[in-house]
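Participant: following is a predicted model, sequence given first.
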Amino acid sequence: MFLINDFIALLAANLILTQALGTSTIFIASGSRRKLVATTLVITLFTTAGAAAAYAVDSLLPSQYSYLTLLCYTLTVSLLYVIFLTVFYFISKERFKSVRRYIHISAFNCAVMGTLFTISGRASEDPALSNIGSYVFAGLEAGVGFVLAALILSAAFHKLNSAKVPAAFRGSPAMLVYLGIISMAVWALK
Amino acid sequence: MLKKAKQERLIWLDIMLTLLTLELMAYFYYGLRALVLGGACVAVSAAAEFISLRLMHRRFSADDLTCTSDALIIALMLPTVIDYKIAAIGCVFAVVVAKNIFGGRLNMIFSPAAAAYVFMLTSWRNQVLQFTQPHVHTGVLEKATGLVTSASHSFNLTGEMDATDFELLMGNFSGPAGAVSILLLAVAALILILRGDISGGAFIGTVTGTVILSYLVPMSGRIADSVKYPLVTNMVLFAAVYIVSDKRIAPRRHYYAFFYGLFIAMTSYIIVLTTAKENAIVIVALLFTPIALAFKNLEKRIDDLDAQAEAERALKEEQSAEEPAQESSPEDTDEEQIPEADSEEPPLEEEPELSEDQEEEEVTGDEE
Amino acid sequence: MKNKNQSVFDGLLADNTVLSSCMVISPVIICGDTLRNAEALAMAFTAITLLSVLLCSFIPKRLPYAVKIIIYAVISSLIYIPVRMAAQEFFPGIITRIGIYFPLLAVNSLIVVQTEAKFFRMKRLKMIPALLFYVAGFDAVILITAFIRELLAYGTINNRMVDADTLISGLGQPFGGFIFLGLLCGAYRAVRSLFPAEQSTGRE
């Protein structure tokens, strides 16, 4: 019972279905199993680590300099970008070539930056969420939400790209409508 | 192929007959307006289907009349006094957005009726969830007065219902015109399952899921009421027959269809229990479409693996038959025994390619 | 950049950022429900993208890709600061409503991805008008989307009431944005396929 409630809550807080963040990335990710796993893992890594960094930025940056938030987030994401590239390079030089493009796609992505801003916004509204644990959990939750949305799309990927779909709608237009209808169901449950 | 088309038309005919019976019951309770609403929905859907098929450079055939059954399902889920324009927009949405954009009846993803209902629910919540009492006949062009919320709404909030068992069976309580006639729905379900027109697995799964949860986590004081009311309210039975068990959407195998129905029923029950959300089953059925698609993908994989194993077995048998004979004539190696498609089938781990031929196969596989 | 004979006008129609490439779609889906929002977003997008891409074009090309991307993102984040201040002057209420989508414009795909893939492969004299048309293409789509959605969902045009009988409030919600944009993309592709020149080169 609680699992189902949590599942609905996860859908209702889903960044793609409710805020359309990272939609174009998800179109790429749902194309194949390998892309799906790689992109969603890297995005989750970025949202989780980025959320921790966002906590540091939010707690250190004085409120009168709030206009610098984006710059600080960009710098922290840049730092994570470099760290991840370096780490993956040293983990496996052979696989680095295939992995790095997912890091490139994910780093300065609406899904990642949007997550950081959303978490920060929620924390400023509710001070109880203004701690590192809540930030990291919310980042992880956003990543899991991204995985869920990618799975939802990948289940229909073949049908949405089928030759039966009118040429004008085949691919991304059909995917947008598909996501729209799922998003509508999520909205109706709210 | 011809047999399949014939079967599809027979399914449509059976479903239409049951829907028309429900429409007649709605006429008895709500007057001529119920029939006019149904007729308007059918006409708009047929027109939308015809126009969108022409735009897709396809011909309107008898098989495309399935849009009319979807239209009647939509009409029966709505209050009879709803603005005709809203119902018409819903029908256009069902045909164009929820069906034909994805390739029409040959490549169904969503239940058009469920998608249209949720669309109307999110856009015109008040009009969709306010009803007249049974036996209050509103004129065809009259504006309705004395609207009330549905019996489901009060049950969700209080766990109690005013109607007697007889009234429940006959549909003599406020709610969507066609979704309250429980006796008729039960008969329709039985007929449609026996004739193989709807997915029996999905229907049984939905009913089982609702019954199990209503027993374990009751909404009313008495166990009998707790089991009875969740089945007759919130369009559970109606959705179980016409939406969840829709053969175009539900998984083909009864085993998977059962779990698909079970998940939908359990999720919607918990949503009703925790949030008192009216008619949650229709929304959840729409939300669980990816699960139906995932089950179908799994079924296709299993079928492919079975076919592959069958082909390998046939090949081995052929080889073992050839070995003792030593001298085999060219006629003995009959290549037709091995289906050509199987040899070209990609391994399971490989990324799905999107060549049109394979897509064609995918779609045909799903339809079977 | 598959077609070498690319025209500077491509960004407006043939290779529209939103309709053709499906990029920068989240602001269109979420905030493109009223003309006021769309105007604010279009202006901010124009200012941030034009200035960022122009400034970024001076970054040496021989730098590693990752370093260049970081520099582009930092430059656009810096440009965002004065643009935000100006927007607060001209659209004080709207900025709050647009919320996170306003800063997200600074890390849009046109700056972070398309600069390398498209603009910096052109000569600067050709790049500037091409960039202008790409930006205009985005602006046109968000304004058209917002106009239609506002009219159908709220019965207003730029916050002025019009005599609309039946409103489809769902179109003002995010799911309405998804569905509407999907339909618009499909209609755009259908129209494109009517032109013979597009049929031969357009379909990817």
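Facilitator: In hand now; what should we look at?
Participant: ok, residue 174 - contacts?
Facilitator: Defaulting to chain A. By Cβ atoms under 8 Å, 6 or more residues apart in numbering or on different chains, the contact list for A:A174 reads A:L160, A:N161, A:V165, B:I101, B:F102, C:G182, C:G186. C-betas here are computed from N, CA, C, even on glycine.
Participant: actually, chain B is the one I wanted.
Facilitator: For B:S174, the contact set (Cβ under 8 Å, 6+ apart) comprises B:F131, B:T132, B:Q133, B:P134, B:V148, B:T149, B:S150, B:A151, B:V180.
Participant: any of those residues buried? List them.
Facilitator: Among the contacts of B:S174, the ones that count as buried by 16 or more other Cβ atoms under 10 Å in any protein chain shown are B:F131, B:T132, B:P134, B:S150, B:A151, B:V180.
Participant: among these, which ones are in strands?
Facilitator: Judged by DSSP state E, strands contain the following of these: B:F131.
Participant: rewinding a little: got the contacts of B:S174 as TSV, with pLDDT and distance to B:L231 columns?
Facilitator: Formatted as TSV, the contacts of B:S174 follow (pLDDT from 0 to 100; distance: Cβ to Cβ, whole Å):
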residue	pLDDT	distance to B:L231
B:F131	92	20
B:T132	90	24
B:Q133	89	22
B:P134	89	19
B:V148	89	22
B:T149	91	20
B:S150	91	15
B:A151	90	13
B:V180	89	12
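Participant: for these, which one is nearest B:Q319?
Facilitator: Closest approach to B:Q319 among those (Cβ to Cβ): B:V180, at 63.8 Å.
Participant: and for that closest one, nearest residue in space, chain neighbours not counted?
Facilitator: Nearest non-adjacent residue to B:V180, counting by Cβ to Cβ, 6 or more residues apart in numbering or on different chains: B:G171, 3.9 Å away.
Participant: surely that neighbour touches B:M25?
Facilitator: Yes: counting by Cβ atoms under 8 Å, B:G171 does reach B:M25; the two are 6.2 Å apart.
Participant: so the residue lying farthest from the centre of chain A: helix, strand or coil?
Facilitator: Here chain A reaches farthest from its C-alpha mean at A:K164, the gap being 30.8 Å by Cα atoms, centre = their mean. Under the three-state scheme (DSSP: H, G, I helix; E, B strand; the rest coil), the conformation of A:K164 reads as coil.
Participant: grab the nearest non-local neighbour of B:M108.
Facilitator: Leaving aside its sequence neighbours, B:M108 sits nearest to B:R248 (Cβ to Cβ, 6+ apart; 4.4 Å).
Participant: kindly report the same for B:S226.
Facilitator: Distances taken as Cβ to Cβ, 6+ apart place B:P218 nearest to B:S226, at 3.4 Å, with adjacent residues excluded.
Participant: which ones are touching the residue nearest to B:M108?
Facilitator: Going by Cβ under 8 Å, 6+ apart, B:R248 touches B:R105, B:M108, B:S111.
Participant: what about it, which SS state?
Facilitator: coil.
Participant: next, count neighbours for A:A142.
Facilitator: Using other Cβ atoms under 10 Å in any protein chain shown, the number of residues around A:A142 comes to 32.
Participant: if you tally nearby residues, what's the number for residue 156?
Facilitator: Picking chain A for this. 26.
Participant: wrong one, chain C
Facilitator: Residues within reach of C:T156, counting by other Cβ under 10 Å, total 16.
Participant: so it touches C:V162, yeah?
Facilitator: Yes: between C:T156 and C:V162 a contact is recorded at 6.4 Å, counting by Cβ under 8 Å.
Participant: distance check, whichever residue of the stretch 101-250 of chain B sits closest to chain A against B:Q127.
Facilitator: Residue nearest to chain A within the stretch 101-250 of chain B (Cβ to the nearest Cβ): B:G103, separated by 3.5 Å. Between B:G103 and B:Q127 the distance, using Cβ to Cβ, to the nearest Å, works out to 31 Å.
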